[in-house]
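K.L.:
The sequence and its predicted three-dimensional model are supplied below.
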Amino acid sequence: MARVRKSDGRDMSITHISVLKDEAISALSVEAGKKYIDATVGAGGHAAEIVKRGGLVLGIDQDDNALHLAKERLTKEEATGHWQLVHGNFRNIAAIALEQGFTGIDGILFDLGVSSMQLDAPDRGISYRFTDAPLDVRMDTSGGDTAAQLVNRSTESELYDIFSNFGEEQLARPIAHALVRARSVSPISTVGDVVKVITDLVPNEIERYGVLSRVFQGLRIAVNDELGSLKEGLEGAKKVLAPGGKLVVISFHSLEDRIVKLFMKKGGWQILTNHPIRPTEEEAGTNKRSRSAKLRVAIKM
Ligand SMILES: C[S@@+](CC[C@H](N)C(=O)[O-])C[C@H]1O[C@@H](n2cnc3c(N)ncnc32)[C@H](O)[C@@H]1O
């Protein structure tokens, strides 16, 4: 297992299992000497497969830790292909590609959401499991507001919108109300502060885990502006793909999938997946995270 050191000295390992890997690589029709952008390079699982087949890869990620892991993996696994990595948000994919002189792209992959390393990091606040963690939730820790800032600053109605629209949580209203009450006593600063508010509202443990995962999904989408980035990223991808180039997107929840589906239907694409490709029973059995995945493919006209 590849290991790298984080700046604070802790070990970081690649624990992420790439989802729909064979399906994504085959959908990209990877060929030696052709150019691919992995817009969410993560730990480089998909990118390494492209490089092994002789593809030229521009990998983008907004998380510096991910780029360290991808670099280590690609350095080891490089075969005949070439790769370069850039820290950035894929909403700027067109500008990044241009800056890198990477034009005439044959395929672009978006493997959306967070990696297992991000979810399992005890200090990033992305998962509700680590109650001592600061309520950060950013994928790009180099800037932008943390979830704590968002929760302490937003009105009750804005918080309701976050939990309802992005978390699709039925208890969004009482949760927003309880958070506003709690922060009037002392500011919300840790994951545990949110967990406590929700534990008081939802005493049943099993029910509570569902609520917590939806609330943290809502916070994550809001803090990282995931849906706004996706919309802009898809438009940017269309600009830099060569005619005949493939767009491949793996999404993990209905909010993302709807954006991808509508974007491809808007025109300028030959859609190859009227029904999205789903993981096999075997993949879903061995990699729990893959269960909600949907892969859509389109060719730029
Ligand atoms: C599911 S992981 C990708 C895993 C990768 N395909 C692999 O096989 O190792 C998603 C990655 O996308 C990154 N990401 C999410 N949204 C992003 C955005 N708007 N811009 C750049 N990177 C993003 C996350 O930081 C994370 O590392």
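P.N.:
Great, that's in hand. Note that this is a predicted model, so its numbers are computed, not measured.

K.L.:
ends of stretch 130-139, how far apart?
P.N.:
Using CA to CA, to the nearest Å, one end of stretch 130-139 lies 16 Å from the other.

K.L.:
Go through that stretch and flag the buried ones.
P.N.:
Within stretch 130-139, the residues that qualify as buried are 130, 133, 135-139, counting by 16 or more other CB atoms under 10 Å. Using the backbone N, CA and C atoms, a C-beta is placed for each residue, glycine as well.

K.L.:
Dihedrals phi and psi, the most centrally placed residue in the chain?
P.N.:
When the chain is reduced to its mean C-alpha position, the nearest residue by CA atoms, centre = their mean turns out to be residue 113, at 2.0 Å. Note on residue 113: backbone dihedrals following degrees, to the nearest 10 are phi 90, psi -150.

K.L.:
wouldn't it be in contact with residue 249 here?
P.N.:
No. Between residue 113 and residue 249 there is no contact under CB atoms under 8 Å: 11.3 Å.

K.L.:
tell me the pLDDT at residue 14?
P.N.:
Note for residue 14: predicted pLDDT of 84.

K.L.:
thinking it is in contact with residue 69, fair?
P.N.:
Yes. If you go by CB under 8 Å, residue 14 and residue 69 touch, sitting 5.4 Å apart.

K.L.:
can you tell me the helix or strand for residue 275?
P.N.:
Element membership for residue 275 (DSSP states H and E) is empty, with no helix or strand holding it.

K.L.:
and it, how far is that from residue 296?
P.N.:
Applying CB to CB, to the nearest Å, the value for residue 275 to residue 296 is 9 Å.

K.L.:
Neighbour count: these two, which is higher?
P.N.:
residue 296 (24 against 7; other CB atoms under 10 Å).

K.L.:
so that one bridges to which residues?
P.N.:
residue 249 (DSSP bridges).

K.L.:
and the end-to-end length of stretch 23-36?
P.N.:
Note: stretch 23-36 ends 16 Å apart using CA to CA.

K.L.:
Apologies, that question was intended for stretch 98-111.
P.N.:
Termini of stretch 98-111 sit 21 Å apart (CA to CA).

K.L.:
do the helix or strand that contains residue 210 and the ligand meet at all?
P.N.:
Using DSSP H and E, residue 210 falls within helix 205-223. No. Contact of helix 205-223 with the ligand is not found when judged by CB under 6 Å from any ligand atom; the minimum separation is 9.8 Å.

K.L.:
And that helix, how far out from the chain middle?
P.N.:
Centre-to-centre, helix 205-223 and its host chain are 16 Å apart (CA atoms, centre = their mean, to the nearest Å).

K.L.:
quick one: is the helix or strand that comes right after it near the ligand?
P.N.:
Note on helix 205-223: by DSSP H and E, the next helix or strand toward the C-terminus is helix 226-240. Yes. For helix 226-240, a contact with the ligand is found by CB under 6 Å from any ligand atom, at residue 229.
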